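[1] Sequence and predicted structure, then a few things I'm wondering about:
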Amino acid sequence: MPKLKTNRAVAKRFKVTASGKLKRSKSNRGHNVKEQKSSKRVRSLRKAGLVDKTMQANYKRVLPYL
């Protein structure tokens, strides 16, 4: 059986935790950080989030060796 290719775009955006869950960064922190978004909201966007259970199988398929 041939080797499977890892989707590099997905590999750069996700990391796998010790328990096997996928860690991701949160969106909506690109611009208007000072003017529009509250400090509380920006602080929470800094923290990493986890990929939802329903989507994990899709990402694991394109990340065979992660």
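    Nice, I can see it. What you are looking at is a predicted structure, and each value in this text was computed from that prediction instead of being measured.
[2] any idea which residue sits dead centre in the chain?
    Arg24 (2.1 Å; Cα atoms, centre = their mean).
[3] Confirm for me that that one is in contact with Met55.
    No: Arg24 lies out of contact with Met55 (Cβ atoms under 8 Å); the separation is 9.9 Å. The C-beta positions use only the backbone N, C-alpha and C, and glycine is treated the same way.
[4] In the helix ranked longest in the chain, which residues are buried?
    The residue-count maximum for a helix in the chain (DSSP state H) belongs to helix 53-62. In terms of neighbour count (16 or more other Cβ atoms under 10 Å), helix 53-62 has its buried residues at 59-60, 62.
[5] Where do the helices of the chain begin and end?
    Under DSSP H, the chain gives helices at 8-13, 39-46, 53-62.
[6] residues in contact with the first one?
    With Cβ atoms under 8 Å, 6 or more residues apart in numbering as the test, helix 8-13 has contacts from 24-25, 59, 62-63, 66.
[7] Could I get the residues you listed in CSV, plus columns for pLDDT?
    Shown next, in CSV, are those (pLDDT from 0 to 100):
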residue, pLDDT
Arg24, 96
Ser25, 95
Tyr59, 94
Val62, 93
Leu63, 93
Leu66, 82
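[8] Max pairwise distance over the residues you listed: which two?
    The span of these, defined through Cβ to Cβ, is set by Ser25 and Val62 at 17.7 Å.
[9] related to what we said a few turns ago, Pro2: which of the helices of the chain is closest?
    Of all the helices of the chain, helix 53-62 comes closest under Cβ to Cβ, at 15.7 Å.
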